[in-house]
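got a sequence here, can you build the structure:
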Amino acid sequence: MREFLERLKRLVFGAPVATDLTRPQAMRSRLALPVFGAGVVSAVAYGPDAVVAALRSGAQQDAIPSMAGGVVVILVLIGAAYASQVRAFPHERGDYGVVRDRLGERLGMITGASLLIDYLFTVAIAVSAIAEIVIFLIPSWTGAEAGIAVAALAFMTLANLRGVRDRRRVLLTVWYGFLVVLGVLAAVGIARHGTQRLDPAAVADAPETWTVLAAYAGAIASGAVMATGLEHLVSSGPYHAEPRGKRASRTLLTAVLAAAVAFFVISWLAWSNRLTGWSSGSILMQVSEQVFGNAIGVWAVGIATVAILYAAATSVFRRFSRLTGLLASDGVLPRQMAMRNDRLVLRGAILLVAALSATIVIAVQANVSHLVHMFIVGVFTAVVLSQRAMIEWTTAKLKLVKEPNEQWRLEARRLLHIVALVVAVGVLAVTAVFNFANGAWIAIVLIVLVVVMMHSIKRHYAAVRADIAIDREAKAPSLPSATHGIVLVAQMHRPALHALAYAKAARHSTLKAVTVQIDRGAAVALQRRWATMNLGAPLVVLDSPYRDLVGPMLEYVKRMHRASPREAVFVYVPEYIVGRWWEQLLHNRSTARLRAQLLNVPNVVVSAVPWMLESARREGPVDDVVIDGPEPQ
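Numbers count the residues shown, from 1 in each chain. As a prediction, the model looks like this:
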């Protein structure tokens, strides 16, 4: 059975991968673009929807091109600022590392928490957008959006648990294929459709001025969702060939420009085809339907978009895992999250992002418009803090530079980061105010909760370090004045005698066998047989009127400790080793509970003495079997 499970595991997850293969593979920009740039380009699948939805609330759909132009300006500005950042810090820690190093650990935690929440919503919105496209292509599946999204998420999770390494060719095809499809869509759309104003009957009555201003502000801020995916590019420095900073900066700018052009073209086509945002389906799919007018073109756009969304979500899985590993290494997340499994993947982080993203998808029923408002907060919180950190860096650098040309370049870079900071603060403020009731409050609450959790974990690890640290004046640990051995005997059998033999070999000051009397007749029979065998250790019988094994034994050991606090008590517990997983269900778990309780008693050492059953000896060596008890700590 165990051999079958091992083969099944290898079939599903693949063979183990050596640690030496963790070294980053240096790539040129044309290869790095599809690997790290899928996130920012995939936002074209839902970015125009955010702009049109915001303008629809104020009946201002005629302003789609100008609002899209504003979003493009924001995207290019933040992209330029991030290009400056990655040129200066081409490391894998991205925004978190820059903020932590320049502004301190507290703001670094806020940045890390914001990015983690951003990643969760990015995965959720990607799979929800996939479901939306599938429903558009196959209308008969309407109502199954959440199921389709969760199924896509499950497939991504399995792929990431396998840790497939060489996927550059696939990503290369997906990236450039998506851009080619969008290029064809733009060319056909521009050739077939003129720029016509919206039919007044297609929109609502003219709203008041403040509603118009709110619609404009909301459109710009919601459209800034296009900035998602930039942080993944910022952390791609180690995977570029030398000079890493320069190549990573070039990759980032190329991806940003491609996403900006694609976003503006789709928005313009939506305006020229008089799409008001009231029809079902994403704006991209509605535009493709209007432009091509046939199923082949619509399906081509749909398949290409699903592929780029899948690639983007998969890259978020990897980035989430790496960020949690960095945070765990810094002691603000559980240390286990920095440990890779035999496939060189951080399994805990992958399962965590999958489970939480699935919860979000199910909670909102895979509604893309709801999700858009939720995760802009996390994106721009990280942008604000990273740009503040870059202003600090450029200011400090200016004090050390004497050459006029270098000073001028640094002044220009600082001005760029200042402008990016002001714009990011504006977007964050507008999002927090206008989209608060639409779901932005959820992201804010989640970020606060994660930061509080990080502080608690950090304080715990600090307390543990202080508790276990070796003082400079510390002397060698003092030995206990005496040791007492106790062997738990449930019945007279070979495992009990085996445990007694181990206890005798330790040569304790005193040695006793202890049994708990649950059945009086069985206890009397055990005493009689024990007396006839002359085993060299007295048998102590503890009464248990309520048929509890753990309570009387625990109280007996505590009494020994209270009587002699400086003396150590060693408790030997026989444990069965079983060969089949289902055999664990057939054995009493009281000994496992007893061991867990005894570990909380000072100066008590609990030793599990294994006894291999016949099924274990048939199944294979000791390493392949299961101990009937808790896992070793």
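
and the residue lying closest to L488 once chain neighbours are set aside, what element?
Spatial nearest neighbour of L488, chain neighbours left out: V573 (5.0 Å); criterion: C-beta to C-beta, 6 or more residues apart in numbering. The way it works is simple: take the backbone N, C-alpha and C, and place the C-beta from them, glycine included. Secondary structure from DSSP states H and E places V573 in strand 568-578.

now do G189
Going by DSSP H and E, G189 is part of helix 168-192.

list the helices and strands that helix packs on?
Helix 168-192 makes packing contacts with helix 29-36, helix 38-42, helix 244-272, helix 283-292, helix 295-329 when contacts are defined by 3 or more C-beta pairs under 8 Å, 6 or more residues apart in numbering; DSSP states H and E.

which of these sits closest to V72?
helix 244-272 (4.7 Å; C-beta to C-beta).

can you show me the strands along this protein?
483-488, 510-517, 539-543, 568-578, 604-612, 626-627 (DSSP state E).

for the stretch 201-350 of the chain, which spans come out with low pLDDT?
Applying pLDDT under 70 to the stretch 201-350 of the chain picks out residues 201-211, 277, 340-345.

let me see the contact set for the nearest residue in space to A432 that is not next to it in sequence.
The shortest distance from A432 to any non-neighbouring residue, by C-beta to C-beta, 6+ apart, is to A440 (5.7 Å). A440 is in contact with 373-374, 376-377, 431-432, counting by C-beta atoms under 8 Å, 6 or more residues apart in numbering.

how far away is the nearest residue to V98 once chain neighbours are set aside from L410?
Among residues not flanking V98 along the chain, A389 sits closest, at 4.8 Å (C-beta to C-beta, 6+ apart). Look at A389 and L410: by C-beta to C-beta, to the nearest Å, they are 15 Å apart.

any idea of the pLDDT on the residue nearest to L488?
Note on V573: pLDDT of 91.

might one say that it is in contact with A596?
No: using C-beta atoms under 8 Å, V573 makes no contact with A596, being 10.9 Å away.

who has more neighbours, these two?
V573 (21 against 13; other C-beta atoms under 10 Å).

mind checking how far that one is from E567?
Where E567 is concerned, V573 sits at a distance of 20 Å (C-beta to C-beta).

then F136?
Distance from F136 to E567, by C-beta to C-beta: 75 Å.

of those two, who's got more company?
F136 (21 against 16).

find the nearest non-adjacent residue to the more buried one, please.
Closest to F136 by C-beta to C-beta, 6+ apart is G281, at 4.2 Å.

with mean neighbour count added, can I get the helices and strands packed on helix 168-192 in CSV?
Shown next, in CSV, are the helices and strands packed on helix 168-192 (neighbours: other C-beta atoms under 10 Å):
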stretch, mean neighbour count
helix 29-36, 22
helix 38-42, 28
helix 244-272, 23
helix 283-292, 24
helix 295-329, 22
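
figure out which of the ones you listed is closest to Q491.
helix 295-329 (45.7 Å).

next, the angle helix 29-36 makes with the closest one.
Helix 295-329 and helix 29-36 are oriented at 80 degrees to each other (axes from the mean of the first three to the mean of the last three C-alpha atoms, to 10 degrees).

you'd agree S386 is up against D101?
No: contact status for S386 versus D101: not in contact, 11.1 Å apart, counting by C-beta under 8 Å.

more neighbours, those two?
S386 (32 against 16).

hmm, back to that, relative to Q61, which of the strands of the chain is closest?
strand 626-627 (64.0 Å).

now the closest one: average pLDDT?
36.

and the residue of the chain most remote from its centre, how far from M492?
Most distant residue from the mean C-alpha position of the chain: T532, 62.1 Å away (C-alpha atoms, centre = their mean). Distance from T532 to M492, counting by C-beta to C-beta: 10 Å.

CSV for the helices and strands packed on helix 168-192, including distance to A83?
Putting the helices and strands packed on helix 168-192 into CSV (distance: least, C-beta to C-beta, whole Å) gives the following:
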stretch, distance to A83
helix 29-36, 12
helix 38-42, 12
helix 244-272, 4
helix 283-292, 27
helix 295-329, 18
